[in-house]
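Engineer: Build me a structure from this.
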Amino acid sequence: MDITLALTIAVFTICILTIWIKSLLDIAMALLLAPRFGLCCKFFSLFGLQFKKTDGRWEHSFERLSPLCEHHVTVDVSQTQEGHVLREQQFARLRYIVKAALGVLVTVLVWPSVSAIFAGNAGYLDVFLASIGAGLLLHALMAMGIYIYVHYFSMKRLGGYVDQLTRRLRAGDSFASMQLVPVEQLPYKSPTAIEKLLYYNYYLNYLLETGQTAALAAPTHALTEIMRGRTYTIQETYSYYWLIFYYSRYELDPALAKMFLHRCWPTISTDKDANAKRVLAYFAFGIEHDREKAWTLLNEARAVVGSYSLGAERALEIRLLDELEGFLRAPVSADDAK
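Structural biologist: Numbering: from 1, shown residues only. Model (predicted):
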C-alpha cells in the first residue's frame, strides 16, 4: 500500500468528508428536532443550494457552488420565550450526544479496518472506513470541547457578556436599556474578532435606538476592517446587512456597499424578512438612486415587518422603514438624506 495515497485518503476523509457528514447531520437535527425545543431552522444550504423558510413554506435558490453545508437555528418567536435559554442548552447537548454516539457506532462497525491498520495489513478501503470513524469521533469531541469552553469559560469573556445581552433582548429589554459602551471600554481582555462581531450587533443597534448616529462611524469602520478579508458565512449575515445599510444610508460609499452586497447576494436576494428588504431598499435609494425600486422594497418590508424577530428589533426596524419613507416622500437627493 502506498503510504502517500493512504495519507491522502485519510486526510480527505477526516478533514472534508466527515465534516460534510457532520454538517448534514446538524441540518437534519435542526429540521427534525429543533422545533421540540422551541427553536426553528429558517435557513440551510447544501453546497450552494439554499433553502429558506418563508410563511411556513420552503423556497430554494442557487447562486454558485460552495464547498460548505450550513444552517441557522434561531428561537421560534411564535412560541413563548419562557425558559428559552434552558431549551437551547438542551438542544445543544442533544446534538453533541447524537454526534458522539454516531462516531462511536461507526467506529465499532469499522473496527476490523482499524485493527487491520494496526496489524499492518490494511488496504485502502480499510483506511477510508477507519478514517470515517476517527473523523466523526474527532469532530464530535471538538464540538463538545467548544461547547464546554463557550458555556463554562468564555462566559467570563466578551462572548459571555454578549450571551447575557441576548437573554435580555429575548426577555423584552430594549436596546436603549442596555447602556452599552464602545468595545474598547469593556473590561474584557483581547476579545476575538468573532466576539467583536457579535457585540457590534447589539452596540450598533443601541446607538441607533438612542439617536447617537454620529457614533456609528467608529464601530462600523472597525467592523469593516474585520469583514473586509473574510469569506461569507451564514452566521455573519447580520454584519453584512449592517455594512450594506450603513454605507447606503449614513456614509455613502458605493464601492463598499456593492462589495458587501455582492458577497451576501445569494442570501439577501432570497431573504423575505423585513430587515433584508429594508437593507436593499436603502441600497436602491442611496446607492442606485432608484426611488421606484426603493418604494417597492419598502412596501415589501412593511408587509412582513409584523412577523419580524422580537419586540426591540421589530420596533427599530419599523423606525428605519419610517425614516426611509420620509426620504422617499421628500424631494431631496440621497446625499441630503444623511
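
Engineer: Every contact and neighbour count from this point should use C-alpha atoms.
Structural biologist: Fine.

Engineer: residue ranges for the strands of the chain, please.
Structural biologist: Secondary structure of the chain (DSSP state E): strands at 39-46, 49-54, 57-62, 69-75.

Engineer: In TSV, list the ones you listed along with mean pLDDT, distance to residue 198 and mean neighbour count.
Structural biologist: Putting the strands of the chain into TSV (pLDDT from 0 to 100; distance: least, CA to CA, whole Å; neighbours: other CA atoms under 10 Å) gives the following:
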stretch	mean pLDDT	distance to residue 198	mean neighbour count
strand 39-46	85	19	21
strand 49-54	82	23	18
strand 57-62	81	27	13
strand 69-75	80	15	19
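
Engineer: where do the helices sit along the stretch 1-150 of the chain?
Structural biologist: 3-12, 18-32, 84-109, 111-119, 124-152 (DSSP state H, counting those that start in this stretch).

Engineer: can you put the ones you listed in JSON lines and add mean pLDDT, mean neighbour count and distance to residue 248?
Structural biologist: Below are those laid out as JSON lines (pLDDT from 0 to 100; neighbours: other CA atoms under 10 Å; distance: least, CA to CA, whole Å):
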{"stretch": "helix 3-12", "mean pLDDT": "89", "mean neighbour count": "14", "distance to residue 248": "43"}
{"stretch": "helix 18-32", "mean pLDDT": "91", "mean neighbour count": "18", "distance to residue 248": "34"}
{"stretch": "helix 84-109", "mean pLDDT": "83", "mean neighbour count": "17", "distance to residue 248": "35"}
{"stretch": "helix 111-119", "mean pLDDT": "89", "mean neighbour count": "15", "distance to residue 248": "57"}
{"stretch": "helix 124-152", "mean pLDDT": "83", "mean neighbour count": "19", "distance to residue 248": "35"}
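
Engineer: Next, the contact list for the most centrally placed residue in the chain, please.
Structural biologist: Nearest residue to the geometric centre of the chain (CA atoms, centre = their mean): residue 235, 1.6 Å. Contacts for residue 235 (CA atoms under 8 Å, 6 or more residues apart in numbering) come out as residue 72.

Engineer: Give me the distance between it and residue 270.
Structural biologist: Distance, residue 235 to residue 270, by CA to CA, to the nearest Å: 16 Å.

Engineer: what does residue 23 give?
Structural biologist: 22 Å.

Engineer: Can you mark which positions in stretch 221-234 are buried?
Structural biologist: Within stretch 221-234, the residues that count as buried by 16 or more other CA atoms under 10 Å are 223-224, 227.

Engineer: err, stretch 315-323, not the other one
Structural biologist: Neighbour-count burial for stretch 315-323, counted by 16+ other CA under 10 Å, picks out 315-318, 320-321.

Engineer: Please save the CA atoms from that stretch in CSV.
Structural biologist: The C-alpha coordinates for stretch 315-323 follow below in CSV (Å, rounded to 0.1, in the frame of the first residue of the first chain):
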residue,chain,number,x,y,z
ALA,A,315,-39.6,48.4,16.8
LEU,A,316,-36.2,49.6,15.5
GLU,A,317,-37.0,48.0,12.1
ILE,A,318,-40.2,49.9,11.8
ARG,A,319,-38.5,53.2,12.7
LEU,A,320,-35.9,52.7,10.0
LEU,A,321,-38.6,52.0,7.5
ASP,A,322,-40.4,55.1,8.6
GLU,A,323,-37.2,57.2,8.0
